[in-house]
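# here are the coordinates; sequence isn't available:
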């Protein structure tokens, strides 16, 4: 009976995930190719460019390093451009069978949407709830979590299924910490790192709750603590091997925090009728990274579960006290030292410790809390009498319906076909036989406060060059080992290399075009750009 229930539950979750992925995302978004008449935009374009160059370049060490992107700095480690190495390296291994210009950014969205409900059932079964109706309820609710759906333009951070898998490992390891389970949990930490470091930090926090809970229960905790240390060591080892260590970014912990009202503010809810954007913001930097509306289905299940089984809620909290403490810590990390309530900062604790500057987008750290609340709510509700399993299914359906505007919004984003702002056919012709691309201005030379249009044109040009992985001089990265420097005047005035194409964007034309050697003969306009060769 248990095996049949598991098979039915997981099959239903697979159907749910496939149905949602195929109705939300167009096929040419999931399986892209080169030569499309529309442009990618924003962060998704950056991730696509990094993946294409990684897939096309020779194998190197670290495996995520490319020599053909950001050539003026000697190459680029694509982990700092959100290339999703876990998927990109697999695609690189089979690149001979992929169409020209293929990348896995859209594909990762699809895989994440399929995996999300399956991982939710894995987590629920970890606490001992194996019946079909609660499983389908939690699958529907997890696939409809607003913070999961709302990751427009950032494929790697759609990997919330990794958090649910981490929660499932916690629930199994705290009950029976076998060697096989520890190996699986350690492998999950490495996989999460190779999707996105933020996800690895969150899954490690969930794993750290195992010895904390066992300690508070009065059970053996030293062995689990050592195992967590080994898992952490494995992650640090992979970080060292893949070149993550020693990098720095812009900092800014507290700028992209979670507002205290965010989990209860129904932005993007169909039942409330409130728009998804703008989000609550007390920091002045926008509330998108701190967007954590829990959904009426989850909140309803939680309230009903606590009201119908208050003793069960208290026992569950005591049984998983270590997890509760870790979730409280993640919530504090998400809220940060500048606590926002609505439009106001209600508490400012002064400067944050320097180590926290690595977590610029701190509002994300509430995601595991939301999933812990979801699984806990479903467990309580499932055991609330004969109607409990049906109520779990109803809660999942409510969550599914409530998230309809968010699915529609991300579907519209994925299905958008914005026209190129540059002359794409002419640039494709220019790149057809190019051996290298010098793109000016370089990323470090653009004013971040006023250069929005230039950044967009840089990405468009790189997106076209990435179709053939033409070695390109510049690229945007979120972190770096050596702070990038502006050397555009030297690049513009340098003699041409064989097969080099030099592209100058409008903002740099007055200052850099006159420096190009024999520019009158070599250069000509291509739309709003200047192309020299």
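That came in fine, so what should we check first? It should be emphasised that the depicted structure is a prediction, and the values quoted were computed from it without experimental measurement. Residues are numbered from 1 along each chain as shown.
# can we go C-alpha only for contacts and neighbour counts from here?
Noted.
# and residue 525, how many neighbours?
Residue 525 has 11 neighbours, counted by other C-alpha atoms under 10 Å.
# And for residue 233?
13.
# Give me the phi and psi for it.
Main-chain dihedrals, residue 233, degrees, to the nearest 10: phi -60, psi -40.
# List the contacts of the nearest residue to residue 177 once chain neighbours are set aside.
In space, residue 177 comes closest to residue 224 once its chain neighbours are excluded; the distance is 7.4 Å by C-alpha to C-alpha, 6 or more residues apart in numbering. Taking C-alpha atoms under 8 Å, 6 or more residues apart in numbering, we find residue 224 in contact with 177, 210-211.
# which one of those residues sits closest to residue 27?
residue 210 (40.9 Å; C-alpha to C-alpha).
# any idea which element the residue nearest to residue 177 lies in?
helix 222-241 (DSSP states H and E).
# ok, now residue 6?
helix 2-24.
# For that helix, what does the pLDDT average out to?
Helix 2-24 comes out with an average pLDDT of 95.
# about what we covered before: same list (the contacts of residue 224) but as a markdown table, adding pLDDT.
Output for those, formatted as a markdown table (pLDDT from 0 to 100):
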| residue | pLDDT |
| --- | --- |
| 177 | 93 |
| 210 | 98 |
| 211 | 98 |
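# so which of these would you say is closest to residue 486?
Nearest to residue 486 among these, with distances taken as C-alpha to C-alpha, is residue 210, at 47.8 Å.
# residue contacts, residue 14?
114-115, 117-118.
# And for residue 319?
213, 217.
# which one among the contacts of residue 14 gets closest to residue 236?
residue 115 (26.2 Å).
# On the C-terminal side of the helix holding residue 6, identify the next helix or strand.
By DSSP H and E, the next helix or strand past helix 2-24 is helix 27-30.
# Following the chain past that next one, name the next helix or strand.
According to DSSP H and E, the helix or strand after helix 27-30 is helix 42-56.
# For that next one, which helices and strands make contact with it?
If you count contacts as 3 or more C-alpha pairs under 8 Å, 6 or more residues apart in numbering; DSSP states H and E, helix 42-56 packs onto strand 65-66, helix 85-93, helix 105-126, helix 452-466.
# Give me the residue at the spatial middle of this protein.
residue 157 (1.2 Å; C-alpha atoms, centre = their mean).
# Pretty sure residue 151 is one of the things that one touches, is it not?
Yes. Residue 157 lies in contact with residue 151 (C-alpha atoms under 8 Å); the separation is 6.7 Å.
# ok so, going back, how close does the residue nearest to the centre of the chain sit to residue 356?
19 Å (C-alpha to C-alpha, to the nearest Å).
# coming back round to it: reformat the helices and strands packed on helix 42-56 into a markdown table and put mean pLDDT and mean neighbour count next to each item.
Formatted as a markdown table, the helices and strands packed on helix 42-56 follow (pLDDT from 0 to 100; neighbours: other C-alpha atoms under 10 Å):
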| stretch | mean pLDDT | mean neighbour count |
| --- | --- | --- |
| strand 65-66 | 96 | 23 |
| helix 85-93 | 97 | 19 |
| helix 105-126 | 97 | 25 |
| helix 452-466 | 93 | 21 |
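# Serialize these to CSV and add fields for distance to residue 446.
Shown next, in CSV, are those (distance: least, C-alpha to C-alpha, whole Å):
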stretch, distance to residue 446
strand 65-66, 23
helix 85-93, 28
helix 105-126, 26
helix 452-466, 7
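# could you check the distance from the residue nearest to residue 177 over to residue 457?
From residue 224 to residue 457 the distance is 51 Å (C-alpha to C-alpha).
# Report how many residues lie close to the closest residue to residue 324 other than its chain neighbours.
What sits nearest to residue 324 in space, not counting adjacent residues and going by C-alpha to C-alpha, 6+ apart, is residue 317, at 7.0 Å. Neighbours of residue 317 under the rule other C-alpha under 10 Å: 14.
# just the one 3 residues further on next, same as before
Residue 320: 19 surrounding residues under other C-alpha under 10 Å.
# tell me the contacts of it?
residue 213.
# Phi and psi next, for it.
phi -120, psi 50.
# can you list contacts of stretch 94-102?
31-34, 52, 55-56, 466-468.
# tell me the angle of the helix holding residue 6 relative to helix 105-126?
150 degrees (axes from the mean of the first three to the mean of the last three C-alpha atoms, to 10 degrees).
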